[in-house]
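> Fold the following for me, if possible:
(2 chains)
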Amino acid sequence: MKKLLEVFLGVLTAIGGFVDIGELVANSEAGARYGLALLWPVLLGLVVILLYAEMAGRIATLSQRPVFDLVRERMGERAALLNMLGSVAVNLLTMTAEIAGVALSIQLATDVSYLLLLPLIAFAVWLVVWRVKFSTLENVVGIAGLALFVFVVAIWKMHPDYHTLLSGATHPTVPHGEGHPTYFYWAIAVFGGTIMPYELFFFSSGAVEERWTRRDLSLNRVNVFFGFPVGAVVSIAIMTAAALVLRPAGISVGHLDQAALPVALQLGKVGFAFVLVGFFAALFGASLETVLSNGYVVSQYFGWSWGKLVSPRRAPRFHVVLLISVVAATALALTGIDPVKITEYSIVFSAVVLPLTYFPVLLVANDPTYVGDKTNSRLANALAVAMLIVVTVAGLAAIPLMIATKGGA
Amino acid sequence: MTAQADHLIDAGLLLLDRQVVDCNERQVAKVDDLEIAFDADGRPYVIAILCGPGAYGPRLRGRIGRWVIAIWRRLHPAVDPEPARIPMTAVTKIDSAVHLSVPRTATAAIVLDRWAEEHIVARIPGAGKGEA
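Sure thing, here's the model as predicted:
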């Protein structure tokens, strides 16, 4: 029974953890602008994260080595240093956007300026990573994040023509007056929003710290192969809602409240309340995960002791990194920089740094010294190599497209 | 077959950049560099694991590497500092990590951890218990 509860909670957390500021911004914007013509990058991203999260979870379970141990060990100190700095930079941008997003969702409910709320929220985030028993909170936040299913309810209530929606998704076309480069820039943004690097760091480090054993391998599979796709349903619902409501009205998404608009229009105050709870929970959870990921990445690169389950004095340098990260992200957010723009940059740069992380994971998932007899199947390898090529192409194209399209304008 | 042949490994592949963990599976450091000696037949063997900025800097090479070394030398209390050293006699097993027979507190690799603990982390309320 206890086991069943654990599986259930794991899946719920995976669902709630899947959606964060990246999806809220990129999917709403893409839906408002292109309808469902950018659904395919969500699905592609889902396949990528399924494959690589399963591998990272399996490696962590069988060898107790989290992702950045593998990066350092397979790429050597120089290339891994570059990856570490890149990942930390992307993480910081993501963290800034998530913390600002939490503040914005409270602003929507209370009308208190988010800039005033930011220091409080940053302190709460730090306090949780410093002291609070983490697994409890992880579950609470994960379950509260399920409130975002209200997007699915809203779409169902709209009684849309599912046939048109489906054909829009399966026959993607670039609308008149929109250039192809902009379309592909947004494709990369949606793709990057689905596979942000911190997700892998957080997932594998958690598996190491909770001391998963061979028996937990099935738990790993269930969490990944069930939790993530259900999370993707929410992600797709956000895009669809924007496509159904914002696109016909000609509204483009420049603020977080516009992402909530479709639900508010369809379901009224109750729906809006659900959206706000969902935004708050998903973004607060993601803030914690991005902060911790920075600690994981730096500590694992240098070999320092790390962990959220040991007391701060037993992982002092890890906690120094967490503290600096929270302060830096808050300072950046307090400049009043547009959270939506920050999100766009962080998801596009996600695609740039990811290949350097995925490649070592793929190598080690085939190394018996780490995973024993549980090396990748041929099918998994073929898919993983194909997806690595996709991620690399997206990563190489991201910055040129960003410059050429002036950030998707 | 000599005695060493049983311990023949590709040090570059299996040792360098691996995680070092102590007898309680707690993280100690990375294998930043290796100290090599030669036996009577002139064959090289590893006698110690070197870690910390003093070992990491030289391997990084280039300007950043020189900076790491310069900062480390400047801040280190010793006049002519040596990198932290873990003798191979303390190593019990090498697999996905390098396992030690001693607790992390018994190694020289955690000096900077101690510094961060004493000067920063322990001063914040609720830092919990430290290590013995």
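> can you give me phi and psi for B:Tyr45?
Main-chain dihedrals, B:Tyr45, degrees, to the nearest 10: phi -140, psi 160.
> B:Val28 too?
The main-chain torsion angles of B:Val28 are listed as degrees, to the nearest 10 and equal phi -110, psi -60.
> From chain A, how far out is it?
From B:Val28 over to chain A the distance is 7 Å, taken as C-beta to the nearest C-beta, to the nearest Å. Quick note: C-beta positions are derived from backbone N, CA and C, even for glycine.
> Tell me how many other residues crowd that residue.
Using other C-beta atoms under 10 Å in any protein chain shown, B:Val28 is surrounded by 28 other residues.
> Nearest residue to the middle of the chain?
As the question left the chain open, I've gone with chain A. A:Met196 (4.7 Å; C-alpha atoms, centre = their mean).
> that's the other chain; I wanted chain B
For chain B, counting by C-alpha atoms, centre = their mean, the most central residue is B:Cys51, which lies 2.9 Å from the centre.
> ok, for that one, nearest residue in space, not its chain neighbours?
Counting by C-beta to C-beta, 6 or more residues apart in numbering or on different chains, B:Cys51 lies nearest to B:Ala29, which is 3.8 Å off, once chain neighbours are set aside.
> Please apply the same query to B:Lys129.
A:Ser311 (5.5 Å).
> So which residues on the stretch 301-409 of chain A come close to chain B?
Taking C-beta under 8 Å from any C-beta of the partner chain as the test, the list of the stretch 301-409 of chain A residues beside chain B reads A:301-306, A:311-314, A:316-317, A:319-320, A:323, A:369-370.
> So how do I select the buried members of those residues in PyMOL?
Burial among those is assessed by 16 or more other C-beta atoms under 10 Å in any protein chain shown; the matching PyMOL selection reads:
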select buried, chain A and resi 301+302+303+304+305+306+311+312+313+314+316+317+319+320+323+370
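> Was I right to think the residue nearest to the centre of chain B contacts B:Leu15?
No: taking C-beta atoms under 8 Å as the definition, B:Cys51 is not a contact partner of B:Leu15, at 11.6 Å.
> Quick one: neighbours of the residue of the stretch 101-250 of chain A found nearest chain B, just the number.
Using C-beta to the nearest C-beta, the single residue of the stretch 101-250 of chain A nearest to chain B is A:Arg131, 4.9 Å away. Residues lying near A:Arg131 (other C-beta under 10 Å) number 15.
> could you measure the nearest residue to B:Arg114 once chain neighbours are set aside against A:Ser299, distance?
Leaving aside its sequence neighbours, B:Arg114 sits nearest to A:Pro316 (C-beta to C-beta, 6+ apart; 7.8 Å). Separation of A:Pro316 from A:Ser299 (C-beta to C-beta, to the nearest Å): 10 Å.
> before we move on, what about A:Thr343?
In this view, A:Thr343 and A:Ser299 are 26 Å apart by C-beta to C-beta.
> picking that back up, next, the contact list for the residue of the stretch 101-250 of chain A closest to chain B, please.
A:Arg131 makes contact with A:Pro312, B:Gly126 under the criterion C-beta atoms under 8 Å, 6 or more residues apart in numbering or on different chains.
> And it, its phi and psi?
With angles defined as degrees, to the nearest 10, A:Arg131 shows backbone torsions of phi -130, psi -40.
> What pLDDT does the model give it?
At A:Arg131 the predicted local confidence, pLDDT, stands at 82.
> one step back: for the closest residue to the residue nearest to the centre of chain A other than its chain neighbours, the count of nearby residues, please.
If the residues on either side of it in the chain are set aside, A:Met196 comes closest to A:Ser350, at 4.8 Å by C-beta to C-beta, 6+ apart. As a burial measure, the neighbour count of A:Ser350 was computed by other C-beta under 10 Å and equals 31.
> where's A:Ser350, which helix or strand?
Assignment of secondary structure by DSSP states H and E places A:Ser350 within helix A:339-364.
> For the stretch 251-400 of chain A, which residue gets nearest to chain B?
A:Ser311 (2.6 Å).
> who's in contact with that residue?
Going by C-beta under 8 Å, 6+ apart, the list of residues near A:Ser311 reads B:Ala127, B:Gly128, B:Lys129, B:Gly130.
> Go ahead and confirm the last one touches B:Ala122.
Same thing as B:Gly130. Yes: under the contact definition of C-beta under 8 Å, B:Gly130 touches B:Ala122, with a separation of 6.9 Å.
> How about the backbone phi and psi for whichever residue of chain B sits closest to chain A?
The shortest separation between chain B and chain A is 2.6 Å, found at B:Gly128 (distances taken as C-beta to the nearest C-beta). The main-chain torsion angles of B:Gly128 are listed as degrees, to the nearest 10 and equal phi 80, psi -170.
> interface residues of chain A facing chain B?
A:63-65, A:69, A:72-73, A:76-78, A:80-81, A:130-131, A:299-306, A:311-314, A:316-317, A:319-320, A:323, A:369-370.
> With that, I have no additional questions.
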